[in-house]
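Asker: What follows is a protein structure lacking sequence information:
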């Protein structure tokens, strides 16, 4: 199945539903998906400055393996029609450093690209919103910085605003890679702190075929510089597995 068949089928399905664009919002930060759609003719640029991860595990010889990775991931979103947007992403340039038994090895390369269509679904509710995203991650990156095989996914997000101060959401993601399926559930909470400063927290549960379940927790802050610009910072850690895994990120988003 080609990427065009996957995206085309998802687009036809979503276009058959009654849709209405939710109020625009940036998708950074966090693994969950927002329900906002980029207005027609506008371009949203969401840039990591950078994103970072640190993993500590043990190899077959009993030596500790410590890996630090930095990557400047980016996402471009543009409105194609009322309630429909095109997304183009790139994991960007990536640098990694692996330390084993006192020896360090550094490497760098370019990550994969992605393409997706996101559609808002009209739920006829002022506080409740929903969106669907059909996406393909194309394994075009360099060795060691690529998924190796293309990933096709369909995600749904539902958000509910309890008040002007608190909002909740849940994202469900179903993906297939080389015939193997995986599912992720990402409940999230957003809250106003003071002025233009807001916070978020989310739990990420992921289960892929023939692998153990993965659970991670993340929190962060967003600051609205203006109606068109946002700064963000986030940290996260994996709660499962016999190794340490931490993530962090700084980012900026701008609506042209």
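Answerer: That came through, no problem. Because the structure is predicted, anything quoted here is derived from the model rather than measured.

Asker: Do a quick rundown of the strands in the stretch 51-200 of the chain.
Answerer: Listed in chain order, the strands found in the stretch 51-200 of the chain under DSSP state E, counting those that start in this stretch are 64-71, 74-81, 84-90, 93-100, 103-110, 113-121, 128-138, 151-161, 166-177, 180-194, 197-208.

Asker: Let me know whether residue 105 touches residue 97 as I believe.
Answerer: Yes - A contact is recorded between residue 105 and residue 97 when judged using Cβ atoms under 8 Å, the distance being 7.3 Å. Every C-beta, even on glycine, is put in place using the N, C-alpha and C of the backbone.

Asker: of those two, who's got more company?
Answerer: With other Cβ atoms under 10 Å as the criterion, residue 105 and residue 97 differ in neighbour count, and residue 97 comes out ahead with 15 against 10.

Asker: Could I get the contacting residues of that one?
Answerer: Applying Cβ atoms under 8 Å, 6 or more residues apart in numbering to residue 97 gives the contacts 67, 68, 104, 105, 106, 107.

Asker: quick revisit: would you turn the strands of the stretch 51-200 of the chain into TSV with mean pLDDT and distance to residue 222?
Answerer: Converted to TSV, the strands of the stretch 51-200 of the chain look like this (pLDDT from 0 to 100; distance: least, Cβ to Cβ, whole Å):
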stretch	mean pLDDT	distance to residue 222
strand 64-71	93	20
strand 74-81	96	15
strand 84-90	97	19
strand 93-100	94	24
strand 103-110	93	28
strand 113-121	96	20
strand 128-138	97	18
strand 151-161	96	15
strand 166-177	96	12
strand 180-194	96	9
strand 197-208	96	5
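
Asker: Select, out of those strands, the one closest to residue 45.
Answerer: Closest approach to residue 45 among the strands of the stretch 51-200 of the chain is made by strand 74-81 (5.9 Å; Cβ to Cβ).

Asker: what residues does that closest one touch?
Answerer: For strand 74-81, the surrounding residues in contact (Cβ under 8 Å, 6+ apart) are 21, 27-28, 37-48, 85-90, 92, 118.
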